[in-house]
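Undergrad: this one's structure only:
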DNA sequence: TCGAGATAGTTACGAGATGTAATTAATATC
DNA sequence: GATATTAATTACATCTCGTAACTATCTCGA
C-alpha cells in the first residue's frame, strides 16, 4: 500500500507519474548532447521541415510563439539551427538545421529511440500500439473545449 | 500532415502531448475549487491517510520535501489542512484534513473523476485498463536506474 | 497610394513545478 | 552527554508555459 491508492484510480495521475519518469530519463539521455526534451523536439521538427517559420513551428509543437524565441536563440547559439530572413516576407525567418545540427540530431534521435524502447519494456508491440492510440485519443479529447463536430443551433 | 510526424514515433512525445492536455483540463476543472492538480493530490492523500508526516507524503507523491512546504502552507492558509505537532516526535507534524477540506475534497474528487472520464472518452473499459497497466509499467521502468530484478554477476 | 488592420517575431513579466544545499530543532545512538 | 541522524524549513536556481504589449512588415480596401 503506497498511500496514493486514492489517486491511482485516475488515469491523469498515472499519466503524470509515468510522464515524470519519462521526462527525467530522456533529459538524462539528452544531456550529453547538450539537449533537453524540448530542444530536441524543436531541432527534430526543423530538421524534418526545412524552411519552417517560427509561427508554424509553435503551432506544430503546441507551444506559444514567445516560448520558442529563447529555445531558438539557444539552438542558434549552439550552431545547430539557422534563422534566415524569408525573401517573400521580411518579417519571418526560415528555420534550418546546420550540418552540425543534423549530425547531432541524428545521434540524439538514436539515443532517444533507445530510451523510448527502454521505457516501454515489458509491453508487447500490440500494447505499445494500443498505448499510442490511447494517447492520441486523449489528446483529441483535450483539444476542442467540449463538443467536437456538433452543431448546437442553426 | 501535422509536421511533427518525426516525433510521433516516440511514446514519450505522445505522452507529453496527452499529459499537457490533461494538465490544462484538470487545472481548469479544479480552479473553481481553488485547487490545482498538485494541491488536489496532496489534499486527497492526506484525506486518505490522516496523521501522515510530511516526509511520508513527499515520498508517496514522489516530490521533494521542500516543495511540499509551500503547498501545505497554501492548503493550511485555506483552512483545508492542519499541521499538528506529533506527540511522539516534536520535529514532525501530523497532517489532517479539516471538515472544510473534507467537503471540498469530496466535491473536487467528483469533478476530477468526471474530467478523467471525459479525457478517456472513446476508449473502452478494456482500453482504459490497458492504459493504466501500461502507465504503471512505464513508471516502474523509470524508477530504478537500469536493471530491475536482475543479477548481472555473482 | 495611403492608412487601418493583420501578422511575424520579440520583449517583458509572472506563475507553477521541480531540484539542491544549507539551516534549525528535536531525536537517537553510543 | 557528545555525536550523528532526522523532520521541517529556508534560500536559491532552473525549466516550462502563458499573457500582454511592442516593433517591423505585409495586406487590403477606400
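TA: Structure received. Bear in mind the structure is a predicted one, so any value in this text is a computation, not a measurement.
Undergrad: Contact residues of chain A facing DNA strand C?
TA: Proximity of chain A to DNA strand C, by Cβ under 7 Å from any atom of the strand, involves residues A:16, A:20, A:24, A:53-56, A:65-66, A:68-69, A:72, A:83, A:89, A:91-93. (Glycine included, C-beta is placed from N, CA and C.)
Undergrad: Check whether the residue nearest the centre of chain A sits in a helix, strand or coil.
TA: Taking Cα atoms, centre = their mean, the centroid of chain A lies closest to residue A:41, which sits 4.6 Å from it. Three-state call for residue A:41 (DSSP: H, G, I helix; E, B strand; the rest coil): helix.
Undergrad: Can you give me the distance of it to chain B?
TA: Remark: distance between residue A:41 and chain B (Cβ to the nearest Cβ, to the nearest Å) = 6 Å.
Undergrad: What of residue A:35?
TA: According to Cβ to the nearest Cβ, residue A:35 stands 13 Å off from chain B.
Undergrad: doesn't that residue fall inside a strand?
TA: No: looking at residue A:35 with three-state DSSP, it is coil, so not inside a strand.
Undergrad: That one reaches residue A:108, doesn't it?
TA: Yes: counting by Cβ atoms under 8 Å, residue A:35 touches residue A:108, with 5.8 Å between them.
Undergrad: hmm, stretch A:135-146 touching DNA strand D?
TA: No: on the criterion Cβ under 7 Å from any atom of the strand, stretch A:135-146 is out of touch with DNA strand D, staying 11.1 Å away.
Undergrad: ok so, going back, quick check: helices, which of the residues of chain A next to DNA strand C are part of them?
TA: Among the residues of chain A next to DNA strand C, the ones falling in helices (DSSP state H) are A:16, A:20, A:24, A:54, A:55, A:56, A:65, A:66, A:68, A:69, A:72.
Undergrad: Now which of these would you call buried?
TA: Among these, the ones that count as buried by 16 or more other Cβ atoms under 10 Å in any protein chain shown are A:16, A:54, A:68, A:72.
Undergrad: before we move on, back to that, between residue A:35 and residue A:108, what contacts are shared?
TA: Residues touching both residue A:35 and residue A:108 (Cβ atoms under 8 Å, 6 or more residues apart in numbering or on different chains): residue A:43.
Undergrad: The two: which has the busier surroundings?
TA: residue A:35 (26 against 21; other Cβ atoms under 10 Å in any protein chain shown).
Undergrad: pLDDT weak spots in chain A?
TA: Residue ranges of chain A with pLDDT under 70: A:1, A:144-154.
Undergrad: that older thread, so which of the ones in helices among the residues of chain A next to DNA strand C also contact DNA strand D?
TA: Restricting these to those touching DNA strand D (Cβ under 7 Å from any atom of the strand) yields residue A:66.
Undergrad: nearest to residue B:123, of the ones in helices among the residues of chain A next to DNA strand C?
TA: residue A:16 (17.9 Å; Cβ to Cβ).
Undergrad: Spit out the contact partners of the closest one.
TA: With contact set as Cβ under 8 Å, 6+ apart, residue A:16 has these partners: B:19, B:22, B:23, B:37.
Undergrad: Could I get the full set of helices for chain A?
TA: Applying DSSP H to chain A gives helices spanning A:5-8, A:11-30, A:37-48, A:54-61, A:65-77, A:99-119, A:125-142.
Undergrad: Most tightly packed of those?
TA: Ranked by mean neighbour count under mean count of other Cβ atoms under 10 Å in any protein chain shown, the helices of chain A are led by helix A:37-48, which reaches a mean of 22.
Undergrad: Next, see if that one gets close to DNA strand D.
TA: Yes: Helix A:37-48 comes into contact with DNA strand D (Cβ under 7 Å from any atom of the strand), by way of A:37, A:38, A:39.
Undergrad: Pull the contacting residues for the second one.
TA: Read that as residue A:38. With Cβ under 8 Å, 6+ apart, residue A:38 has these contacts: residue A:71.
Undergrad: Ok, the last one next?
TA: Each residue near residue A:39 by Cβ under 8 Å, 6+ apart is listed here: A:30, A:71, A:74, A:75.
Undergrad: a markdown table please, covering the residues you listed and showing distance to chain B.
TA: What follows is these, written out as a markdown table (distance: Cβ to the nearest Cβ, whole Å):
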| residue | distance to chain B |
| --- | --- |
| A:30 | 11 |
| A:71 | 15 |
| A:74 | 18 |
| A:75 | 16 |
